[in-house]
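>>> got a predicted structure plus its sequence, pasted below:
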Amino acid sequence: MSVAIPNVPARTSRRQGILASRKGRVGFAILVALIAIAVFAPLIAPHDPNAIDASRILAGPDLAHPFGSDALGRDVLSRVIYAYRVSLGVAVGSTLLAFLFGVPLGMYAGYHGGWVDTLIMRPIDMVLALPALLLAVALIAIIGPGSDVALLAIAVIYLPILARVVRSSTLVVASQTYVEAARARGTPSRRIITRHVLPNAIGPAIVQATILMGFALQIEAALSFLGLGAQPPTSSLGVMLADGRDFLTQAPWIEIFPGVAIAITVLAFNFFGDGLRARLDPRGVTR
Amino acid sequence: MSGQVVVSDEVAPVQLGPPILEVAGLVKHFSTDRGLFGGGAKLHAVDGVDLQIFPGEVLAVVGESGSGKSTLARCILRLIDPTEGRIVFAGQDVLALKGRRLAGFRQQVQPVFQDPFSSIDPRWRVGTSVAEALDAFAIGTKAERRARVLDLLDRVGLDPSLVGRRPHELSGGQRQRVGIAAALAPSPRLIVADEPVSALDVSVQAQVLNLLADLQRDLRLAILFVAHDLAVVEHISHRVAVMYLGKIVETGPTEAVFRDPRHPYTKALLEAIPRPDPDRRMQESVLRGEIPSPIAPPSGCRFRTRCPVAIERCVTEEPEMTLFGEGHTAACHVARAELQKQDHQRRQ
C-alpha cells in the first residue's frame, strides 16, 4: 500500500533563513563590514593610530582626517578602527568562552536533572545573583587590569546567563516524546544529548549569545572607561571615551565616533540575533 | 474459586508456551509534592497489575485517561522504574538489567508512541529516524542499514523516496508510519504501542490499524496495545485487559470480553461504542462523572463511585479476580454473585 505524497520540494529554503528577514539581512551586512574593519584594521586605517601630530591637537574633521584629531593630535578614525579591533575581539572572545563552557554545563544539568542539576546550577545561580559590573571589577581587582582579564571577566558574567538559557531549552526538549522514544529505542544518553537535545536546544543560546556579544562590547567599554580594561598603549573604545570626556565641549568628535561604533555594533548584533531567532525555529523552516 | 466455571466456546488464538512478557504485582506511585516541608500525597498510577503477553499475541490494555495504562507501558519500556513488582521478559528480570543487557532488551522491545508530531525529532530526516535503533545498536554496515531503512519504509506503506524528507513535510498518518518503521527496525519481538492511533484522523486510524495487524501477522510480533477506546482494539487484539484507576478489572479473550462483558465498567465502555444498528437505542451512558482522583482512590472496589450496580459490600471489600471462562476474569462482587447463583441453579 502506498500513500499519496504531497508534492513538496525535498529541500526547502532552509539556507536562506537568516537572510529571509530584512532585519537579519541588515544586521548580517553591518556585522560583516564591522568584522572586516576589525580584521583588516592595518590596511584600512589611513594613519598610524599612535602618531602624535602637535599641529593637529583637537583639530576638527576634514578630508584627510574625517573623524578629526584628539588631544595629542592623533587621527581619531585610525584610533577608532584599532580600538574597535580590540573591543570586538574582547566581546567575541568573551562570549565564545562563556558559550563553550556554559552550554555543556546547562545542557548536562537540564538533561540529567535531580542532584546533578542542583550541583551545577546552584553555584551558577550564585554568580548570576551578583551585579555584573561589580563582579567584573572584583575579578579585575584580584587579577589585575588588562583586556585579556576583561575578556575573562565578561565570560564569567555571561556563562551563567547562557547556562540558564540552555538549561531551560534543554528541559523543554528533554521532555519531548522523541527523546523518550530515543531512550526506549536504545540510543545511549550521550548520543541522545548530541544528536537530539543539542540541535534542538541550542537555538535560543545562539540567539542569546549573539545579542550578548553586542552588549559585551558595552561592558568592555565600561571597564576600559574605568581604566580596568585595555591598558596603554593598547586602546579600546572605552579608553577612547575616557580620554575624550575632558574635551567633550571643545572636540566632541573624540567622544562621538567611538560611541557611534559601540551603538552600531550593539544594534547590528541585535538585528542579526533576531534574524537567527527566525531561522533556528525548526517550524519556521518552510516559511 | 467456588462452583463450576463457565467455559467460553471460542478458543482464543493464544499461543501456548511461556509468555514473552510477564508483569506481576506492578505498582507505580508518584509523589505529588516534594515541597520544602515534605509531606505530599501519593498518586497511585498503577496499583498492582498482573499481565502476560505470549509470543505473537496482541494484548490490548484499555482504559480512560488516568487509568494508568500509559504509566504501565512506560514501566514496561523501562522509561520509569516501578515502585514495586516484577517485569520478566524472555526469562530475564527486566528491572535488574543494566548496560549491555539492558541494550539487548531495548533492541527486542520497541515503542510506538501516541503523538506522531512529537515522537519524531523535527530536525531528523525520515531515514535517520527510522535508522535510529539500527545506528544505536550498530546493526549491519552502513549500506545494509540504508537498504533496511528503504525496505522498512516500503513495508509500512511509505514511498522510499520519502527517506530524505523532514517530519514537517509529512502528514500525521505518514509520521506514524515512520514511527512504526523505526520500531520495526531492530527486529523486535515485542512492540509496546501507547495509543498509536488516538492522535490520528479517523480516516487514517483504520489504515494504521490494518498496517499494525498485517505486520503483527507477518512478523509474528507480540504487541502490547494501549488504547482508551475498546472499538479500536476489537479487530486487532487477541486479548483485552480493561484498566480502571491503576488496576485491571477485567481481562480475557477479545471475543469473550466483547460478547459477554462481566465487569460493569467494561459493559459501560462497550455501550459507549456507537453501532450502526437502527434497533439499538443509544442508551443513556451508565458511566457518570469523572474517574476519581488516583491520589485518594475509593475504598473497596475502585469503580463503585460510578457503578450502576454497586452494593454495600463494594464499599468495604475489594473484589477479587474471578474466572468467568477460559482466560476470562473480572473483579466484581455483583458479577461473582450472579455467577454463583447461576451455578447453583444449574446444579439443582
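Noted; the coordinates are in hand.
>>> nearest to chain B: which residue in the stretch 51-200 of chain A?
Nearest to chain B, among the residues of the stretch 51-200 of chain A, is A:Gly186, at 3.5 Å (Cβ to the nearest Cβ). (Each C-beta comes from the backbone N, C-alpha and C, glycine too.)
>>> surely that residue and B:Arg101 touch.
No: using Cβ atoms under 8 Å, A:Gly186 is not in contact with B:Arg101, being 11.7 Å away.
>>> between the two, which is the more surrounded one?
Just comparing A:Gly186 and B:Arg101: by other Cβ atoms under 10 Å in any protein chain shown the higher neighbour count belongs to A:Gly186, 22 against 13.
>>> which non-adjacent residue is nearest that one?
Spatially, and ignoring its direct neighbours in sequence, A:Gly186 is nearest to B:Arg106 (3.5 Å; Cβ to Cβ, 6 or more residues apart in numbering or on different chains).
>>> correct me if wrong: the one you found contacts A:Arg185.
Yes: checked against Cβ under 8 Å, the pair B:Arg106 and A:Arg185 is within contact range at 6.6 Å.
>>> per-residue confidence averaged over stretch A:110-122?
Here stretch A:110-122 scores 93 as its mean pLDDT.
>>> would you mark the buried spots in that stretch?
A:Gly110, A:Tyr111, A:His112, A:Asp117, A:Ile120, A:Met121 (16 or more other Cβ atoms under 10 Å in any protein chain shown).
>>> quick one: the fifth one and A:Gly110 touch, right?
Read it as A:Ile120. No: contact criterion Cβ under 8 Å: A:Ile120 and A:Gly110 do not qualify, at 9.2 Å.
>>> nearest residue to the middle of chain A?
Nearest residue to the geometric centre of chain A (Cα atoms, centre = their mean): A:Met213, 1.3 Å.
>>> so which strand or helix has it?
Using DSSP states H and E, the element containing A:Met213 is helix A:203-225.
>>> list the contacts of the residue nearest to B:Leu21 when sequence neighbours are not counted.
Closest residue in space to B:Leu21, ignoring its immediate chain neighbours: B:Ile53 at 4.5 Å, by Cβ to Cβ, 6+ apart. By Cβ atoms under 8 Å, 6 or more residues apart in numbering or on different chains, B:Ile53 lies in contact with B:Pro19, B:Ile20, B:Leu21, B:Glu22, B:Leu59, B:Leu190, B:Ala222, B:Leu224.
>>> contact partners for the second one?
Taking Cβ under 8 Å, 6+ apart, we find B:Ile20 in contact with B:Ile53, B:Phe54, B:Pro55, B:Phe89, B:Ala90, B:Arg189, B:Leu190, B:Ala222.
>>> for the chain, what spans make up the helices?
This is for chain A. Taking DSSP state H to define them, one finds helices in chain A at A:17-20, A:22-39, A:41-44, A:76-112, A:114-129, A:132-143, A:147-174, A:177-185, A:189-192, A:198-201, A:203-225, A:237-244, A:253-280.
>>> think we crossed wires, I meant chain B
B:69-76, B:99-108, B:126-130, B:132-136, B:142-155, B:172-184, B:202-219, B:230-233, B:254-259, B:264-271, B:313-316, B:333-347.
>>> quick one: pLDDT of B:Gln283?
Note on B:Gln283: pLDDT of 58.
>>> output the below-cut-off pLDDT ranges for the chain.
With no chain named, the answer covers chain A. Within chain A, the segments meeting pLDDT under 70 span A:1-19, A:281-287.
>>> right idea, wrong chain: chain B
For chain B, the stretches with pLDDT under 70 are B:1-16, B:33-40, B:278-286.
>>> just the closest residue of chain B to chain A, please.
Nearest to chain A in chain B, going by Cβ to the nearest Cβ, is B:Arg106, at a distance of 3.5 Å.
>>> that residue: what's it in contact with?
With contact taken as Cβ under 8 Å, 6+ apart, B:Arg106 is in contact with A:Ala184, A:Arg185, A:Gly186, B:Arg78, B:Ala133.
>>> distance of the last one relative to A:Asp125?
It stands for B:Ala133. 38 Å (Cβ to Cβ, to the nearest Å).
>>> neighbour count: these two, which is higher?
B:Ala133 (25 against 13).
>>> residues contacting A:Ala251?
By Cβ under 8 Å, 6+ apart, the contact list for A:Ala251 reads A:Leu58, A:Gly60, A:Gly68, A:Asp70, A:Ala71, A:Gly244.
>>> with adjacent residues omitted, what lies nearest to the last one?
Closest residue to A:Gly244 apart from its sequence neighbours, by Cβ to Cβ, 6+ apart: A:Ile254 at 3.3 Å.
>>> for the stretch 201-348 of chain B, which residues are neighbours of chain A?
The stretch 201-348 of chain B has residues B:Gln207, B:Leu211 near chain A, with proximity defined as Cβ under 8 Å from any Cβ of the partner chain.
>>> now, of the contacts of A:Ala251, which are buried?
Among those, those classed as buried by 16+ other Cβ under 10 Å are A:Gly68, A:Asp70, A:Gly244.
>>> what residue, apart from its backbone neighbours, is nearest the second one spatially?
What that stands for is A:Asp70. For A:Asp70, ignoring the flanking residues on the chain, the nearest one in space by Cβ to Cβ, 6+ apart is A:Ile254 at 4.9 Å.
>>> my read is that the one you found contacts A:Leu237, right?
No: applying Cβ under 8 Å, one finds A:Ile254 not in contact with A:Leu237, separated by 11.7 Å.
>>> which of these two has more neighbours?
A:Leu237 (31 against 27).
>>> the more buried one and A:Ala261 touch, don't they?
Yes: A:Leu237 lies in contact with A:Ala261 (Cβ under 8 Å); the separation is 5.9 Å.
>>> anything in contact with each of the two?
By Cβ under 8 Å, 6+ apart, the residues touching both A:Leu237 and A:Ala261 are A:Val80, A:Tyr84, A:Ser87.
>>> let's have those in JSON lines, adding distance to B:Asp260 and neighbour count.
Below are the shared contacts of A:Leu237 and A:Ala261 laid out as JSON lines (distance: Cβ to Cβ, whole Å; neighbours: other Cβ atoms under 10 Å in any protein chain shown):
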{"residue": "A:Val80", "distance to B:Asp260": "90", "neighbour count": "25"}
{"residue": "A:Tyr84", "distance to B:Asp260": "85", "neighbour count": "24"}
{"residue": "A:Ser87", "distance to B:Asp260": "82", "neighbour count": "32"}
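>>> reformat those as JSON lines; add distance to chain B.
Putting these into JSON lines (distance: Cβ to the nearest Cβ, whole Å) gives the following:
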{"residue": "A:Val80", "distance to chain B": "42"}
{"residue": "A:Tyr84", "distance to chain B": "37"}
{"residue": "A:Ser87", "distance to chain B": "36"}
